[in-house]
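Asks: For reference, the sequence and a predicted model appear below.
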Amino acid sequence: MTLPHRIRRSSRGPFEQLLWTVWSVFRVLQDVTIMVALGFGFLNSSLRRYGWSSVAFNLFLLALGVQWAVLMDGFLEQSFRKKVVIKLSSIKLATMSAMSVLISAGAVLGKANLLQLTLMALVEVTVFVTMRMIDRQHLSMDGHLSMMHIHVFATYFGLMVAWSLSRCLNERVMEEKNQTAKSSSLFAMLGTLFLWMFWPSFNSALLDVPKERKNAVFNTYYALAASAVTAISMSALARPRGKINMTHIHNAILAGGVAVGPSCHLITTPWLAMLLGFMAGLISIGGALCLPANFNHVLGIHDTCGVHYTFGLPGLLGGIAYILLIIYEVSWIKKSVISYQLFVGTGTLSLAVASGLIAGVLTGLVLNLKICKAPHAAKYFDDQAFWEFPHLAIGF
Amino acid sequence: MTLPHRIRRSSRGPFEQLLWTVWSVFRVLQDVTIMVALGFGFLNSSLRRYGWSSVAFNLFLLALGVQWAVLMDGFLEQSFRKKVVIKLSSIKLATMSAMSVLISAGAVLGKANLLQLTLMALVEVTVFVTMRMIDRQHLSMDGHLSMMHIHVFATYFGLMVAWSLSRCLNERVMEEKNQTAKSSSLFAMLGTLFLWMFWPSFNSALLDVPKERKNAVFNTYYALAASAVTAISMSALARPRGKINMTHIHNAILAGGVAVGPSCHLITTPWLAMLLGFMAGLISIGGALCLPANFNHVLGIHDTCGVHYTFGLPGLLGGIAYILLIIYEVSWIKKSVISYQLFVGTGTLSLAVASGLIAGVLTGLVLNLKICKAPHAAKYFDDQAFWEFPHLAIGF
Amino acid sequence: MTLPHRIRRSSRGPFEQLLWTVWSVFRVLQDVTIMVALGFGFLNSSLRRYGWSSVAFNLFLLALGVQWAVLMDGFLEQSFRKKVVIKLSSIKLATMSAMSVLISAGAVLGKANLLQLTLMALVEVTVFVTMRMIDRQHLSMDGHLSMMHIHVFATYFGLMVAWSLSRCLNERVMEEKNQTAKSSSLFAMLGTLFLWMFWPSFNSALLDVPKERKNAVFNTYYALAASAVTAISMSALARPRGKINMTHIHNAILAGGVAVGPSCHLITTPWLAMLLGFMAGLISIGGALCLPANFNHVLGIHDTCGVHYTFGLPGLLGGIAYILLIIYEVSWIKKSVISYQLFVGTGTLSLAVASGLIAGVLTGLVLNLKICKAPHAAKYFDDQAFWEFPHLAIGF
């Protein structure tokens, strides 16, 4: 397991200690599973005619991604041994890696069939696991930090894939199908709430030192609370008649958890976490208002569930906040340390963005090949292309 | 943390012990968060045209209330220090205090805008935290007991606010909008189930002695099981054709958990817990059948989600049961102890009711001021007053 | 509690140790409660006009079944004492026993009223608890294994009851009412996901040795992942135009967890768990395609929610896999041990099937008595027979 040696030398009996270790890793694994299976599954279910696909494909990608990530982790980490040893903590790590696929899927959703999504999952998990290994072995980053760049990596990967799939999109049809329905939106809210509640577990999952874990839980909690308040009030204030947009809420209340991720174990005052949460909420709402009309429209990217402003921009904010925090913290110790830390912090963030962009473009090209039998654009965002419906159940 | 000193002196190493403490407090915090964010959010989502608002406003009030309660707790408790120290257990306590706002919001729901709810949340948390401090410092109540009066306090606070907001209510319009829809009711059932499952965590959250915590979990579980069976069978038996009312079920199956709250750590036989659960279910179903027509109609209070018979009456039953239990338990020891315990028990219960009523009336008066821009009564219970809807999504 | 003696002799203080024990049992109890209350409640909610009943009746049967199982367990186990001692672990065990009722209810759903379901619950829990006692005392099976036969037992019990209730079923009416609706299906997916996520807790709930518990969690996780991937891809491949059937998915992604149950603590390589998951998914999808048309139609059994291929067939597969695994494991040790193990393994599995069939037929006969006031076949699968509806809420 990932618990440090000091625990193993404690006064407990070996039996009891094992029970506790298994227990503790299992609990974190379960929290992360709840986030990815339920949270992400329902987060993207607000599309009026695409609810079934978003939930079921999410589960499929998760189950596939976890198994693939366990294998890839095993091969890359333990390549010198003859046999890959799989532990409970390997599954925890693999589930977190598989989350990258689910984030990217949010941008691609409705525009790809199951075969394309499967291919995307395999490529993305491979690239992400390789990137994490480079971070760890060549840039000597700790596991927590390289995992926290998942949001940035997955967003730009997903956006690039979406870009290559959304070229022939008919605006009018899309708009009609891309509606949210009343009860679908409540399902999306359910997913959002699960993510919101379990985000502290995600941010602290790879931290072993109790003080760091406590800080991580604490700061994530505070940042999420701040971004929830910010998101709802900003969404109301941004519009002339004070009406709130449900889709913005789904996305922006999570921004705080994303933004505080890389630095959550280092922040020592709640004010800083709240400030990060506030800024993340602000950026996310701002992105939701501006990006679709400007950025996405100009570049021809159709970002189905708004991953760019849910995970991408807050993730960038988090990466920058981490770099600033390190500069501030170490500034009164040693100059040489700062410059190295600065180099590593900037390097890994850039690596995440760059590898996301490049791998995304390449994957997008592969998915456009004829073998994938991409669905016709008229069938985009439609459950009926993938699911058997009984006669009466088409309506709602 | 709130764990007693004996733990800190145990044979464990300091590292491992911290891990366990952080872990254990975090788990309880998470359970309580699930209850308040998911449970309360969806409990009140059964209104046909008000589902979005009830879920999202609930999250807003929660995030705001927790932050405010942490500050208030800090100022009142640690006023002698210069700096407020915030711990994980502070957030746990604050989340439980913020629950008072969510209970009250059930009575007010659909009749107030976001500004009014924000004001209500700030006032209610302040009054509740102050009341708990008085209970603890001047009546030497333990934290568990003063927290368990939250149901009574929040109910009467909410009813008074609802009273001042529901004066100009048009009966006919209200009835049309106040309907439950089929899938909304399933969402409400989801919220109810989450509350039902995690109520044992809530009732045991502030107890540190293992035996008391075990008793609390145990008795709450039993009381909830008894009240679920009672609620469903009574609802069927109370009507001529044996038809069950879904709204009654949502409310009455939780009554057992509320009623057993104050005495859950003292009860030693499951029969007593089951009896309390049975009586709470009975009272709650009885209240649901009688109160709206008699009490509410006469006094002109419109109690949107029936908090009076969900939390108020079972809470009163719980308070009285606690007093009776203490009289019975101590009766063969000392006369002087009884009278003091009796005084404290009655005193804190009355304080909860009184402060709820008074603070509620005052808050109601403030919310009726013109600055709050109260929505017109015609817009009550309507998501469209607060949310941006895409064209096609109005129906369901 | 169920923790072995070694723990009690450890170096911890008695206070801390109790806290940990209470805590650990409570967590498992909570996981199991989430599975049965939420998971099973919503798993069967996909019927278009029967959502309310399936969720609420599930809770009623659970609350009733748990209380009854605690009593029955107490009487059978501790019959020599004067007083039944109820512990937290008794409730955990009782909740797991009560799950048998919820599985069976899936076959009966929509064809029985509350009184019939109550009777069924009481009989089934009694028979199941007795069967477990026979397993344990006369065949010296451990608790885990005899619990894992719950799926087989409950399926055949439920099928027999359904058989006796579905004789006068009108095909056309049934088909019209037996539809799935879009948002109901999402609710069912929610239930399925909760079962999927918490199944590792269920399979490891009765194992105390840390290594076994770890193996159980691990293998269940792997089998579930494999069966989720298998279910979705097989459902797409089995149909000519590659369309996936949502109802099959609900059922088949759980098959892995059922099949791996009896042997989950013995399997040492993930490949075996994945193979079991894959085969279970295959059998479940195959059953979903073949059984309704052949088996059910010929015998006149109407299996509302497909428990036969969700729990029954994978459960049989799991029982057989356990026997094979024991033969393989012990084959190089002693011949006499094999034959005894083989006898016990086959014996308990047959006992589960036989007692399920016999008790089911007898219960079905009782439920057909006139005292039960069985609903007329025209009212089958209709919430309106049991629930008060406001005028406008009939539609969806």
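Replies: Done, it's in. Numbers count the residues shown, from 1 in each chain, chains lettered A, B, ... in the order given.

Asks: can you list the residues of the stretch 101-250 of chain A near chain B?
Replies: For the stretch 101-250 of chain A, the residues in contact with chain B (Cβ under 8 Å from any Cβ of the partner chain) are A:176, A:179-183, A:185-186, A:189-190, A:193-194, A:196-198, A:200-201, A:210-211, A:213-214, A:217-218, A:221-222, A:224-226, A:228-229, A:232-233, A:236, A:239, A:242-246, A:249. Quick note: C-beta positions are derived from backbone N, CA and C, even for glycine.

Asks: Among those, the buried ones, what's the PyMOL command?
Replies: To isolate the buried subset of those in PyMOL, counting by 16 or more other Cβ atoms under 10 Å in any protein chain shown, use the following:
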select buried, chain A and resi 179+180+181+182+183+185+186+189+190+193+194+196+197+198+200+201+210+213+214+217+218+221+222+224+225+226+228+229+232+233+236+243+244+245+246+249
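
Asks: from the residues of the stretch 101-250 of chain A next to chain B, which ones fall inside helices?
Replies: Applying DSSP state H to those, the entries found in helices are A:176, A:182-183, A:185-186, A:189-190, A:193-194, A:196-198, A:200-201, A:210-211, A:213-214, A:217-218, A:221-222, A:224-226, A:228-229, A:232-233, A:236, A:246, A:249.

Asks: Output the below-cut-off pLDDT ranges for chain A.
Replies: For chain A, the stretches with pLDDT under 70 are A:1-19, A:48, A:78-84, A:167-182, A:330-337, A:377-378, A:389-396.

Asks: which one's the longest helix in it?
Replies: Using DSSP H to define each element, chain A has its longest helix at helix A:335-367.

Asks: what distance separates that helix from the centre of its chain?
Replies: Put simply, helix A:335-367 sits 16 Å off its chain's centre (Cα atoms, centre = their mean, to the nearest Å).

Asks: Which strands or helices does that helix pack on?
Replies: helix A:114-138, helix A:150-165, helix A:313-330 (3 or more Cβ pairs under 8 Å, 6 or more residues apart in numbering or on different chains; DSSP states H and E).

Asks: Tabulate the ones you listed (TSV), appending mean neighbour count and distance to residue A:291.
Replies: Putting the helices and strands packed on helix A:335-367 into TSV (neighbours: other Cβ atoms under 10 Å in any protein chain shown; distance: least, Cβ to Cβ, whole Å) gives the following:
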stretch	mean neighbour count	distance to residue A:291
helix A:114-138	21	22
helix A:150-165	28	10
helix A:313-330	21	8
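
Asks: With respect to residue C:262, which of these lies nearest?
Replies: Among those, helix A:114-138 comes nearest to residue C:262, with 31.7 Å by Cβ to Cβ.

Asks: relative to helix A:313-330, how tilted is the longest helix of chain A?
Replies: On the basis of axes from the mean of the first three to the mean of the last three Cα atoms, to 10 degrees, helix A:335-367 is oriented at 160 degrees to helix A:313-330.

Asks: any idea how far residue C:144 is from residue A:359?
Replies: From residue A:359 over to residue C:144 the distance is 45 Å, taken as Cβ to Cβ, to the nearest Å.
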